[in-house]
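**Q** What follows is a predicted protein model with its sequence.
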Amino acid sequence: MEEKIIVLSVGKPWAIKDEKTDKISMEGCSMWYLPASDLTKTEDVDSGVIGVQPLKESMGVSFYEVVKKIGLPAVANVTYGMKNSGGKQVLYIKGLDFVNEDKK
């Protein structure tokens, strides 16, 4: 499944260490984005959220440096995949390509 998104912000890189080995077990950065297809949603009856709530995705550490060069907000084409998380199938961003990398 492919879709255009608007990347709103990216947090600084983080790392999680394994308490037993003191080695890094996970690292990345957090990205907040909106699907560009429909920004007209005004209320989610199930959650009570009014307006459009950004989605969050963990990205690789190198993504942080990429967005520093490109600038935000930015439009990107994404490809979604499915993964198992906590016993549930969830969508995740499998691939991301910025539409116009010559922004700056």
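**A** Received the coordinates, thanks. Source: prediction; values computed, not measured.
**Q** So for stretch 29-45, what gets flagged as buried?
**A** Of all the residues in stretch 29-45, those buried under the rule 16 or more other Cβ atoms under 10 Å are 29-34. (C-beta placed from N, C-alpha, C; glycine too.)
**Q** So what's the gap between that stretch and the chain middle?
**A** Relative to its chain's centre, stretch 29-45 lies at 11 Å (Cα atoms, centre = their mean, to the nearest Å).
**Q** contacts for it?
**A** For stretch 29-45, the external contacting residues (Cβ atoms under 8 Å, 6 or more residues apart in numbering) are 3-14, 49-61, 63-64, 75-76.
**Q** Run through the strands of the protein in chain order.
**A** 2-10, 14-17, 24-35, 55-59, 74-85, 88-98 (DSSP state E).
**Q** I'd like these as a markdown table, with distance to residue 41 and mean pLDDT appended.
**A** As requested, the strands of the chain are exported to a markdown table (distance: least, Cβ to Cβ, whole Å; pLDDT from 0 to 100):
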| stretch | distance to residue 41 | mean pLDDT |
| --- | --- | --- |
| strand 2-10 | 14 | 95 |
| strand 14-17 | 30 | 92 |
| strand 24-35 | 10 | 92 |
| strand 55-59 | 12 | 95 |
| strand 74-85 | 19 | 94 |
| strand 88-98 | 17 | 94 |
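**Q** hmm, back to that, make a PyMOL selection of the buried ones in the contacts of stretch 29-45.
**A** Buried members of these, defined by 16+ other Cβ under 10 Å, are picked up in PyMOL with:
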select buried, resi 5+6+7+10+13+57+59+63+64+76
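**Q** Could you measure from the residue minimising distance to the centre of the chain over to residue 96?
**A** Nearest residue to the geometric centre of the chain (Cα atoms, centre = their mean): residue 57, 3.2 Å. Remark: distance between residue 57 and residue 96 (Cβ to Cβ, to the nearest Å) = 9 Å.
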